[in-house]
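J.: coords please:
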Amino acid sequence: MVGSSLLDVESIRRDFPILATGVTYLDSAASSLTPEQVVLKEMEYYRNYRANVERGVHRFSRKASEEYEGAHGIVADFIGAPSAENIAMLRNTTEGLNFVANSLDWRRGDRIVTTVVEHHSNFITWLRTAKRHGCHVEVVRSDPDGMFELADFENAIAEGTKLVAVTQVSNVLGSILPVKEITGIAHERGALVVVDGAQGVPHLKTDIRDMGVDFLAFSGHKMLGPTGSGCLYIASDELFKVEPLCIGGGTIADVSLDDYRLTEPPLRFEAGTPAIAQVIGLGEACRYLEGVGMDNVEDWDRMLAKKLVDGLSEIDGVEVYGPKDPRLRVGIVAFNIRDMNPHDVALTMDAEYDIAVRSGHHCALPLIREVLHLPEGNVRASTYLYNTPGEIEKLLGAVEDIAKG
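T.: Residues are numbered from 1 along each chain as shown. You can find the predicted model right below:
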């Protein structure tokens, strides 16, 4: 499947029948495509052992439970987690971040530090927490390329900071944040760290033990997996400190008339009947990415990002946002064409050139308005392992045509 250093992209593309439609799909930051292997793994559950998990002793339930538990282990290995018990399977990144917000013991005056480049899910969640509990939210600002000075985090993570909430990668600018260094500062001052890995985990080789964070949330649908699948990594020190977001069936070890006792992680965090097929599918997506090699995914992503940024920067009337150095970003590239509404650009791309891109504010209004000063937002092209240099050339040609009017 892989070459010596980069991807065998043509082999990979054969695993994605949807690409046969002829559409150039450059919207993977919103949701990636799904390979046939993942689709078939989900279908295997429905066709061969469709039953509930952790509740029955019959063969279907035993097999479903084995596959479901196995997916936890696959995901744990994928991000370098100590064990499957550190992996709570949820619906998406947003649910993971809200889990953290609702599971900690907040006190009036607690400080929460976040950044201006965050997706709304890692921003308004903390504004609501502050309103509910009398906390204070400190927002660290970036430069227009989404780059930060560590000294700003040194200043912001002051006494009384309970939590630092940062993204691994900006979903607008593609910029990679220094999560490990930010975590070091936070832990020195007694603060916990939660990371939005929605755009990072799919594109960067992630070693959770090296990062050192306390929580990491990410979504399956952005990394070749099914919709409705996601994960929250919980550090071992926090497993028995945090409260589950929901409790009920599947989360308890014992119940009496006046008390209950929760079961062991990760099941204590997964109330009710889970998204069994989707979790199994997420495990298969991680297996697929491991087979390709995340080092190869990173290299390919960097190559496509450089080609895209360099090409767009050479077109008259086009403004490109985010770092120009491909080592500082992933393949998420935002741009605008002078005097054109970004939605009109995206619609033209789709209707006339068969190219799918995103347009608008990308659920990041503070960044778009306060830093980039773009009331209408911008156009975002985002790559993944199934995209080719030829597709980048196709997009560049389309942008040049549109810019000429």
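
J.: For the helix or strand hosting R62, buried residues please.
T.: Under the assignment given by DSSP states H and E, the secondary-structure element containing R62 is helix 59-79. When burial is assessed from 16 or more other CB atoms under 10 Å, helix 59-79 yields the following buried residues: 61, 63-65, 67-69, 71-79. Every residue, glycine included, has its C-beta placed from N, CA and C.

J.: And for stretch 242-252?
T.: Buried residues in stretch 242-252, counted by 16+ other CB under 10 Å: 242, 244-245, 250-251.

J.: Distance from that stretch to the middle of the chain?
T.: Mean-position distance between stretch 242-252 and its chain equals 24 Å (CA atoms, centre = their mean, to the nearest Å).

J.: Quick one: end-to-end distance for that stretch.
T.: According to CA to CA, to the nearest Å, stretch 242-252 extends 15 Å from its N-terminal end residue to its C-terminal end residue.

J.: Domain ranges for the protein, per the record?
T.: Partitioning the chain according to automatic domain parsing yields domains covering residues 9-26+293-404, 39-291.

J.: and the gap between the residue sitting furthest away from the middle of the chain and A364?
T.: In terms of distance from the mean C-alpha position of the chain, L257 ranks first, at 41.3 Å (CA atoms, centre = their mean). Note on L257: its distance to A364, by CB to CB, to the nearest Å, is 49 Å.

J.: helices or strands next to the helix or strand containing L282 in the packing?
T.: Secondary-structure element containing L282, defined by DSSP H and E: helix 276-292. Secondary-structure packing of helix 276-292 (3 or more CB pairs under 8 Å, 6 or more residues apart in numbering; DSSP states H and E): helix 36-48, helix 59-79.

J.: What's the mean pLDDT across that helix?
T.: Confidence over helix 276-292 (mean pLDDT, whole number) is 98.

J.: So which of the helices and strands packed on helix 276-292 is nearest Y384?
T.: Between Y384 and these, the shortest gap by CB to CB is with helix 36-48, which sits at 13.7 Å.

J.: what does that closest one contact?
T.: 15-17, 63-64, 67, 224-226, 276-278, 280-281, 283-285, 287-288 (CB atoms under 8 Å, 6 or more residues apart in numbering).

J.: Count the neighbours of the spatially closest residue to R62 that is not a sequence neighbour for me.
T.: The shortest distance from R62 to any non-neighbouring residue, by CB to CB, 6 or more residues apart in numbering, is to G56 (7.5 Å). Burial of G56 is recorded as 13 neighbouring residues (other CB atoms under 10 Å).

J.: Geometric centre of this protein: which residue is closest?
T.: Taking CA atoms, centre = their mean as the criterion, A198 is the residue nearest the geometric centre of the chain, at 0.7 Å.

J.: so what's it up against?
T.: 93, 119, 121, 167-168, 171, 217-219, 222.

J.: hmm, who's touching stretch 233-252?
T.: Contact partners of stretch 233-252, identified using CB under 8 Å, 6+ apart, comprise 54-55, 79, 81-82, 85-88, 95, 98-100, 102-104, 192, 208, 213-217, 260-263, 265-274.

J.: Could you give me the ChimeraX syntax to select whichever of the residues you listed are buried?
T.: In ChimeraX, selecting the buried portion of these, with burial taken from 16+ other CB under 10 Å, looks like this:
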select :54,79,81,85,86,87,88,95,98,99,100,102,103,104,192,208,213,214,215,216,217,262,265,266,267,268,269,270,271,274
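
J.: Restricted to helices, list the contacts of stretch 233-252.
T.: Taking DSSP state H as the definition of helices, these contribute 79, 95, 98-100, 102-103, 208.

J.: how big is the angle separating whichever strand or helix holds Y233 from helix 59-79?
T.: Mapping Y233 onto the secondary structure by DSSP H and E places it in strand 230-234. Here the directions of strand 230-234 and helix 59-79 differ by 60 degrees (axes from the mean of the first three to the mean of the last three CA atoms, to 10 degrees).

J.: Quick check: the residue farthest from the centre of the chain vs R268, distance?
T.: Applying CB to CB, one obtains 21 Å for the distance of L257 from R268.

J.: Next, the distance between the ends of stretch 248-261.
T.: End-to-end distance of stretch 248-261 (CA to CA): 11 Å.

J.: Do me a favour and average the pLDDT over that stretch.
T.: 94.

J.: for the stretch 201-350 of the chain, what spans make up the strands?
T.: Assignment of strands within the stretch 201-350 of the chain using DSSP state E, counting those that start in this stretch yields the ranges 215-219, 230-234, 252-255, 260-262, 318-321, 332-337.

J.: Pick the most buried one from those.
T.: Highest mean neighbour count among the strands of the stretch 201-350 of the chain (mean count of other CB atoms under 10 Å): strand 230-234, with a mean of 30.

J.: With just CA atoms, put that one into CSV.
T.: What follows is strand 230-234, C-alpha atoms only, in CSV (Å, rounded to 0.1, in the frame of the first residue of the first chain):
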residue,chain,number,x,y,z
GLY,A,230,-15.4,9.4,18.4
CYS,A,231,-13.1,9.0,21.3
LEU,A,232,-12.1,10.7,24.5
TYR,A,233,-8.7,9.7,25.8
ILE,A,234,-8.6,10.0,29.6
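
J.: Can you list the strands that it pairs with?
T.: Partner strands for strand 230-234, per DSSP bridges, with pairing direction: strand 87-90 (antiparallel), strand 215-219 (antiparallel).

J.: For the last one, which outside residues touch it?
T.: Right, strand 215-219. 79, 90, 92-97, 99-100, 168, 192-198, 200-202, 206, 208, 225, 229-235, 238.

J.: run the last query once more with 6 Å
T.: By CB atoms under 6 Å, 6 or more residues apart in numbering, the list of residues contacting strand 215-219 from outside reads 92-93, 96-97, 100, 194-195, 197-198, 201, 230-233.

J.: Next: the shortest one.
T.: Residues from elsewhere that reach strand 87-90, judged by CB under 6 Å, 6+ apart: 72, 75-76, 96, 230-232, 266, 269-270, 279.

J.: I'm done for today, thanks for sticking with me.
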